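Chemist: Give me the fold of what follows.
(2 chains)
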Amino acid sequence: MTQVKSLADLRRIKETLQGKMSLRENSNNPESLVQIRVAMATCGIASGAKQVMEFFIEELDKRNIQAVVTQTGCMGYCFAEPTVEITLPGQAPVVYGYVDTAKADSIIEKYIKNGELLDGIIPVNYETIQK
Amino acid sequence: MKDLSMHIMDIVQNSVTAKATKIKIEIIENMDEDTYTIIIEDNGIGMSREFVSTVTDPYVTTRTTRKIGLGIPLLKQNAERTGGIFSIDSEEGIGTTVKAEFIFMHPDRLPIGDIAGTVVLLCTANPEIAINYHHVTNSGEYNYDTTEIAETLDGISISEPSVIKFLKEMINENLHLIGISK
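Modeler: Numbering: from 1, shown residues only, chains lettered A, B, ... in the order given. Next up, the predicted model:
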């Protein structure tokens, strides 16, 4: 039987990462990163927000885009869940509704990479909601 | 909700909103007594006695963005549908404990779902909160603690994709070892 993973294996991963870390240090200022907040209240979770959040975390890493992916509460757009708020550096946040993994993929490719707005922004006159 | 891990994600969000710094998620599978119990305990701001008595009502919520709160009522409904018991204990300034007991073998008892992914996602989204996950079955138990993880990582972020992937695998393998039910 193969050995079950333990904290000792995690320590090895840490050591590999520490080597790479110095390269990233300078860009650790969150203002300069893409910020993604996935709405994860009852409505979001029930609509599949978890898969969307996992997709963003995995794909942004694969495509080499540095971003902060976090959770937020219900923004009041339960009808359009899963909703995702994207803040590009130096820009006002934009909320996309009905985000599944296919939509998340085009958000990364078009909006995050090229700043091209997509359909499905809610609402039109958007202001940041403090959680 | 399609599975129990989604309920857990949802109830833990309440703890996060209640400014908890410590959250304990406990799952106890008891074949002998035919119970499947989920306990979520936090040290958040807690609720007043009056609020606790009304919180299972869907038309009660602390939120200002909408007037309906379904997280707790849905979990209560799903637990009671199997013949189980649901309870909330809370004290202002101390914290809140939510307990949902399902009848293990009841056909309406939801499957656990991706509990490893849920726990890891909660930890990465809330790195400042100490999260403890404890899972007990008839053949053993597994304990996962973010304080321990943070010490091992020694300054490296838990949100690093390779760390996330590793943690999920580690939890899944350990849960497999103690033979958790679907």
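
Chemist: Now do the helices in the chain.
Modeler: Just so you know, I chose chain A. A:7-24, A:42-46, A:49-62, A:101-106, A:113-114 (DSSP state H).

Chemist: Can you look at chain B instead?
Modeler: According to DSSP H, the helices that chain B contains are B:4-17, B:49-54, B:71-81, B:115-125, B:146-153, B:161-177.

Chemist: just to revisit the earlier point, may I see the helices of chain A organised as CSV, with distance to A:P89 added?
Modeler: (Each C-beta comes from the backbone N, C-alpha and C, glycine too.) Shown next, in CSV, are those (distance: least, Cβ to Cβ, whole Å):
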stretch, distance to A:P89
helix A:7-24, 16
helix A:42-46, 25
helix A:49-62, 14
helix A:101-106, 19
helix A:113-114, 13
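
Chemist: Could you say which of these is packed most deeply?
Modeler: Most buried of those by mean neighbour count (mean count of other Cβ atoms under 10 Å in any protein chain shown) is helix A:42-46; its value is a mean of 25.

Chemist: picking that back up, could you point out which of the helices of chain B sits nearest A:K20?
Modeler: Nearest to A:K20, of all these, is helix B:161-177, at 9.7 Å by Cβ to Cβ.

Chemist: buried ones in that closest one?
Modeler: Residues of helix B:161-177 classed as buried: B:V163, B:I164, B:F166, B:L167, B:K168, B:M170, B:I171, B:N172, B:E173, B:N174, B:L175 (neighbour count, 16 or more other Cβ atoms under 10 Å in any protein chain shown).

Chemist: repeat for stretch A:86-94
Modeler: Residues A:I86, A:T87, A:V94 are the ones in stretch A:86-94 that count as buried (16+ other Cβ under 10 Å).

Chemist: Low-confidence ranges, the chain, go.
Modeler: In the absence of a named chain, chain A is used. Applying pLDDT under 70 to chain A flags residues A:1-2, A:21-31, A:124-131.

Chemist: um, chain B though
Modeler: Scanning chain B with the threshold set as pLDDT under 70 gives B:63-68.

Chemist: Contact residues of chain B facing chain A?
Modeler: When proximity is defined by Cβ under 8 Å from any Cβ of the partner chain, chain B lies next to chain A at B:1-2, B:6, B:9-10, B:13, B:17, B:63, B:65-66, B:69-71, B:74, B:114, B:117-118, B:121, B:124-126, B:148-149, B:152-154, B:156, B:159-164, B:166-167, B:169-170, B:173-174, B:177.

Chemist: List buried residues within the residues you listed.
Modeler: Taking 16+ other Cβ under 10 Å as the criterion, what is buried in the residues of chain B next to chain A is B:1, B:6, B:9-10, B:13, B:69-71, B:74, B:114, B:117-118, B:121, B:124-126, B:149, B:152-153, B:156, B:159-160, B:163-164, B:166-167, B:170, B:173-174.

Chemist: still on that earlier bit, for B:S48, which of the helices of chain A is the nearest?
Modeler: helix A:42-46 (22.2 Å).
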